[in-house]
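Novice: Task: produce atomic coordinates for the following.
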Amino acid sequence: MLDLFPRHKKRFEIDMAPLIDVVFLLLIFFMLTFAIQGQGLVISLPEGEETQRVEKDITIKIDQNSKLYLNDNLIRIDSLKAALEKELLSRADKLVVIDSAPKVKYDLFARILDVSRDAGAENFTIVK
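Specialist: So this is what the prediction gives:
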């Protein structure tokens, strides 16, 4: 005969031991990583002198109308090489930033890149 109503029902209980372990581990973690105001070392650093001068980057900007600007000064492509050589003489990094408008012809961009390389530029940053 089939027993539809068993007398011994299995009761499920939640085991609290792992939960308590996790809570204590989290408590210890947060206690160790919590930064208390005033905790730490007081260090007095000596004041130094500024030894190197911050130089502004050499920037060649090409606008939508294919006009060139060297450091915000309008310049023709014919005189770009001489002006760049003069700017790059005192630079150690030889970096030139080329800021181009989105629809500039590639021919003009490549020509400016070649002129810059001929003037002595070694590193380039291209901004679009």
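Novice: And the pLDDT for Val54?
Specialist: pLDDT recorded at Val54 is 65.
Novice: element containing Ala82, please.
Specialist: Following DSSP states H and E, the helix or strand that holds Ala82 is helix 80-88.
Novice: Show me what that helix is in contact with.
Specialist: Applying Cβ atoms under 8 Å, 6 or more residues apart in numbering, the contact partners of helix 80-88 are 58, 60, 68, 70-71, 75, 94, 96, 112, 115-116, 118-121. To be clear about C-beta, it is placed using only N, CA and C from the backbone, and glycine gets the same treatment.
Novice: Which members of the residues you listed are positioned in strands?
Specialist: Per DSSP state E, strands hold the following members of those: Ile58, Ile60, Leu68, Leu70, Ile75, Val96.
Novice: In ChimeraX, how would I select the buried members of the residues you listed?
Specialist: Buried residues among these (16 or more other Cβ atoms under 10 Å), as a ChimeraX selection:
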select :58,60,68,70,75,96
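Novice: residues touching the residue nearest to Leu89 when sequence neighbours are not counted, list them.
Specialist: Once flanking residues are discounted, Leu89 sits nearest to Gly120: 8.0 Å by Cβ to Cβ, 6 or more residues apart in numbering. With contact set as Cβ under 8 Å, 6+ apart, Gly120 has these partners: Leu84, Glu85, Leu88, Leu89, Lys94.
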